[in-house]
Structure formats: structure tokens, C-alpha cells
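Colleague: Let's see this in three dimensions:
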Amino acid sequence: MMSLDSITLYLVATMVAALLGAMMVFFGKQENSPALKWWGTAYLLGASSVALWTATGDKLGPYLYLALNAVGFVACGMVWNAARVFHGRKPNWPGLVFGAIAWVAAVMLLDPTASMLRMIIGAGIVSVYAALTASELWVERRKSLQRRWPAFVVPVMHGCVLMLPILLGSFLRPNDAGFSHSVWVTVFAVEIILYAVGTVFVIFMLVSERTVTAHRTAASTDPLTGMLNRRGFSEACARMIEREAKGGRPVTVMIFDIDHFKSINDRFGHPAGDEMLKLFSTVVVNNLRISDLSGRIGGEEFAALLPCALEEGVLVAERVREAFETSGVVVDEGPVDTTVSIGVAGGPAGTELEVLLASADTALYQAKRGGRNRVEAAEELPLSLENWRRQSAARIGVPKGPSTTQPATA
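Modeller: Numbers count the residues shown, from 1 in each chain. This next block holds a predicted model:
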């Protein structure tokens, strides 16, 4: 039966780890990703430590042996900190060096002949770092189990494979000096290669997932206000309407239009107009529940979808109107009127978003004709969306009535 040379396997493992580390450092610089730089540097440190230890063997002096192992434990701490940085947390500097310090202290305090005990302590330190890394990679529980399980399983398996042969040798065959040179050493050498490759696969899977999520979010988010844009709002509303329809619950839509927004741009400039849009988006978000949806659907128009009946939606709309009116915006030229007209429409379970928006838009037009700065509730849903589109197109260019601060009673 052909046996594998463990020294050769360790050298192959370090070469693989070094190449993967260099690749991650390179991509970390290309993508400006601190987490990839941490991971890559950890791989390079670990590979250098194991390579020197494997190549020199018995020629290592006690201090060099101690230093190389300490560097290896620092590399394990860097892998854990890389996972922290990936999730936006600060590096844990004490934790980074704690394993190395614990190892040095154990070697200095233990009997020089207690080699098995030192192996157990070293394996335990690596296993603890593997468990910490697994917990950090598992932290985003919003993701589905099918997509997150490799991030948890790979480091846990590494810790288990590392501890198992040492524990077996310590407790089952404590007097067998040849156990440390048994098949378990070969198994562990192979596992190091698999762990190095598997971890990099998990890392790039997470980075790719993060990138895709960021692009998807950017495509559905308004860059100025941070709210959903029209596309993102429509997609999110479709999901909510479907969910509420299963429970037979009604939904309500409201459309907001900031009054005289063009004149604000003309008088104070577009930067002031942008600040007004951001202010109103904050007012909307602060006055809606966490279960409600809101978005900027164009220009100075915003919309919201609430899983509630029309009567409750009107109360919420009135609360938004009052909060915006009392914002108290003042510029060098004096106070700025902050008023908004709102149209509200409700429908039974399963009513399509476009139907609700059409009805709310009709109510918004009535609010503007009625003097602005008011809330109007739609009396009924449109019978024909095509007729509504023609009426909306015909209303373009219709002069708007004078402003008033008297709200309507809904």
C-alpha cells in the first residue's frame, strides 16, 4: 500500500496557502477590501511559519520554534479578525495576539518533555480561533441556511479534524510515541489543503454575495434620499400585497407631492431642493411603522404602502403632513414653506399596486385642486386603468390653484 509523505503534504499545503494568500491580497487591493487583505496576509503568515517549520525540522532552536508557532497563532487570529472586518466590526487586537501569548506562556511553564500536552494546547488555540471565525461568518442570519452553511461548517470541521487525532492520542493511546507519526498526521496534512481551499471558496462566496447584494440594492435605491426608487418600491410592494392577500388583509397606498417644489429650486437653488427632498424622506420614514413601505417614485413625488385599512392610512397621512408642515426650515432669505399634498387610496386584499396608485393619484389631484397642504382619500378604485392614464395625461399642464395652510378633514 502506498503511503503519503507527510512532509511533502505539508509543503504542498503551505504552497497552496501562500498562493491563495497572495491572490486574496491582490484582489483586496484591487477591490479595496480590507477583509480580503486581512485574510490574504493571514494565509501568507501561516504559510511562511509552517514552511519554515517543515523545512528545518529538528534543526530548529527552541526560540525559533517558539517564534514560528507564535506567528502561526497570530495568523489564526488574523483569520478571525478578517471575518470581523468583513462584517463591519473593528479588529480585536487583544484577541489577535492572545493565542500566541497563551502558547508562549504554556511552553515556558510546562515540562519540556510534555510534548503531547503542548500539542493539545496548540490545537485547542487553533480550534478556538476556528470557532470564533465560524461564529463571525454566521453572524448575518438574514441569509438563507442553504447559502450560509458552508461559512459555518468549514471552520468547525477544521477545528474538529485538528483536535480529534490529538485527543485520541492523548486519552486512548497516551504511551504510544508512534501515534504522532501515524495516519492521523497524513490525514491532518490533507485536511490543511482542503481547509485552505475550502475557506477561500467560502470567502469569495461571501464577497460575491455581498457584491451582488450591493448592486441589487443600488439598483433599487434612490441615491439622494436612501429610500426605495420606483423600481424597488414596486417590487417590494408586490411582495407585500401578495403576503397580505394570503391573510385576507386590506392595503392602503398614499402618494405625496411636495407643494411648490419648483419654486423652491428656483428661489434657493437645487442644493436647497435636494435638502428639502432629504428632509421630507426623513419625515416620512419617521412617521411610518417599520412594517410600512415607502419610496421616492420621481421628482418631488413619494409613495407609501401600508398593510392597513383606508381609515388608518388617512390618519397616518395626516400625521406626515403635520410633521412636514412644522419642520421649521429657515434659510438666509427667511422661512421656507414646507407643505405637502397627499392622496390616499385603499383596497381589499389582493388589489394590484397599479390600481391603488391610480386611485391615490386621482385623490392627490383633488388635494392640489382643493388648495394643497391637505389629505384627500379616494372615494373608489378606478374601473379602467386605461381611462385613468388618459385622464392623467390630459391633466399635464393644468394650472395649479393657490396654496393654503388649511388641511382637509378626512
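
Colleague: The stretch 301-410 of the chain: strands as residue ranges?
Modeller: With DSSP state E, counting those that start in this stretch, the ranges of strands along the stretch 301-410 of the chain come out as 301-306, 330-331, 334-335, 340-347, 375-377.

Colleague: Next, work out how far apart Glu354 and Gly347 are.
Modeller: Applying Cβ to Cβ, to the nearest Å, the value for Glu354 to Gly347 is 11 Å. C-beta coordinates here come from the backbone N, C-alpha and C atoms, glycine included.

Colleague: ok, back up a step: distance to Thr211 for the strands of the stretch 301-410 of the chain - can I get that in CSV?
Modeller: CSV is the format used below for the strands of the stretch 301-410 of the chain (distance: least, Cβ to Cβ, whole Å):
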stretch, distance to Thr211
strand 301-306, 29
strand 330-331, 40
strand 334-335, 45
strand 340-347, 37
strand 375-377, 42
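
Colleague: mind giving me a markdown table with the ones you listed and columns for mean neighbour count, distance to Ala100 and mean pLDDT?
Modeller: Shown next, in a markdown table, are these (neighbours: other Cβ atoms under 10 Å; distance: least, Cβ to Cβ, whole Å; pLDDT from 0 to 100):
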| stretch | mean neighbour count | distance to Ala100 | mean pLDDT |
| --- | --- | --- | --- |
| strand 301-306 | 25 | 54 | 96 |
| strand 330-331 | 11 | 58 | 68 |
| strand 334-335 | 8 | 63 | 68 |
| strand 340-347 | 27 | 60 | 94 |
| strand 375-377 | 25 | 65 | 95 |
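
Colleague: Of the ones you listed, which is nearest Val71?
Modeller: Proximity to Val71 (Cβ to Cβ) singles out strand 301-306 among the strands of the stretch 301-410 of the chain, at 56.1 Å.

Colleague: I'd like to check the angle between that closest one and strand 340-347, please.
Modeller: Put simply, strand 301-306 runs at 40 degrees to strand 340-347, going by axes from the mean of the first three to the mean of the last three Cα atoms, to 10 degrees.

Colleague: among the strands of the stretch 301-410 of the chain, which is nearest Arg84?
Modeller: Among those, strand 301-306 comes nearest to Arg84, with 36.8 Å by Cβ to Cβ.

Colleague: Contacts for that closest one, please.
Modeller: With contact meaning Cβ atoms under 8 Å, 6 or more residues apart in numbering, strand 301-306 is reached by 227, 233, 236-237, 240-241, 251-257, 280-281, 284, 288-289, 292-297, 312-313, 316, 353, 356-357, 360.

Colleague: Return the subset of those lying in helices.
Modeller: Among those, the residues falling in helices (DSSP state H) are 233, 236-237, 240-241, 280-281, 284, 312-313, 316, 353, 356-357, 360.

Colleague: For the protein, give me the ranges with low pLDDT.
Modeller: 1-7, 9-10, 57-60, 139-196, 213, 331-334, 382-410 (pLDDT under 70).

Colleague: Helices along that one, start to end?
Modeller: 6-30, 34-56, 62-86, 93-109, 115-137, 145-171, 183-219, 230-246, 261-268, 270-287, 310-325, 353-369, 385-395.

Colleague: Could I get these in JSON lines, plus columns for distance to Ile342 and mean neighbour count?
Modeller: JSON lines is the format used below for those (distance: least, Cβ to Cβ, whole Å; neighbours: other Cβ atoms under 10 Å):
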{"stretch": "helix 6-30", "distance to Ile342": "48", "mean neighbour count": "18"}
{"stretch": "helix 34-56", "distance to Ile342": "44", "mean neighbour count": "20"}
{"stretch": "helix 62-86", "distance to Ile342": "42", "mean neighbour count": "20"}
{"stretch": "helix 93-109", "distance to Ile342": "52", "mean neighbour count": "15"}
{"stretch": "helix 115-137", "distance to Ile342": "45", "mean neighbour count": "19"}
{"stretch": "helix 145-171", "distance to Ile342": "40", "mean neighbour count": "17"}
{"stretch": "helix 183-219", "distance to Ile342": "27", "mean neighbour count": "16"}
{"stretch": "helix 230-246", "distance to Ile342": "16", "mean neighbour count": "16"}
{"stretch": "helix 261-268", "distance to Ile342": "14", "mean neighbour count": "15"}
{"stretch": "helix 270-287", "distance to Ile342": "10", "mean neighbour count": "17"}
{"stretch": "helix 310-325", "distance to Ile342": "5", "mean neighbour count": "19"}
{"stretch": "helix 353-369", "distance to Ile342": "6", "mean neighbour count": "22"}
{"stretch": "helix 385-395", "distance to Ile342": "17", "mean neighbour count": "12"}
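
Colleague: need these in a markdown table with distance to Thr338, can you?
Modeller: Shown next, in a markdown table, are those (distance: least, Cβ to Cβ, whole Å):
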| stretch | distance to Thr338 |
| --- | --- |
| helix 6-30 | 45 |
| helix 34-56 | 41 |
| helix 62-86 | 41 |
| helix 93-109 | 48 |
| helix 115-137 | 45 |
| helix 145-171 | 44 |
| helix 183-219 | 29 |
| helix 230-246 | 23 |
| helix 261-268 | 9 |
| helix 270-287 | 7 |
| helix 310-325 | 5 |
| helix 353-369 | 16 |
| helix 385-395 | 25 |
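
Colleague: Can you say which of the ones you listed is nearest to Ala377?
Modeller: helix 310-325 (5.2 Å).

Colleague: Which other helices and strands does the closest one contact?
Modeller: strand 251-258, helix 270-287, strand 301-306, strand 340-347, strand 375-377 (3 or more Cβ pairs under 8 Å, 6 or more residues apart in numbering; DSSP states H and E).

Colleague: So for Ser115, which of those sits nearest?
Modeller: Evaluated over these, closeness to Ser115 peaks at helix 270-287, with 62.1 Å, by Cβ to Cβ.
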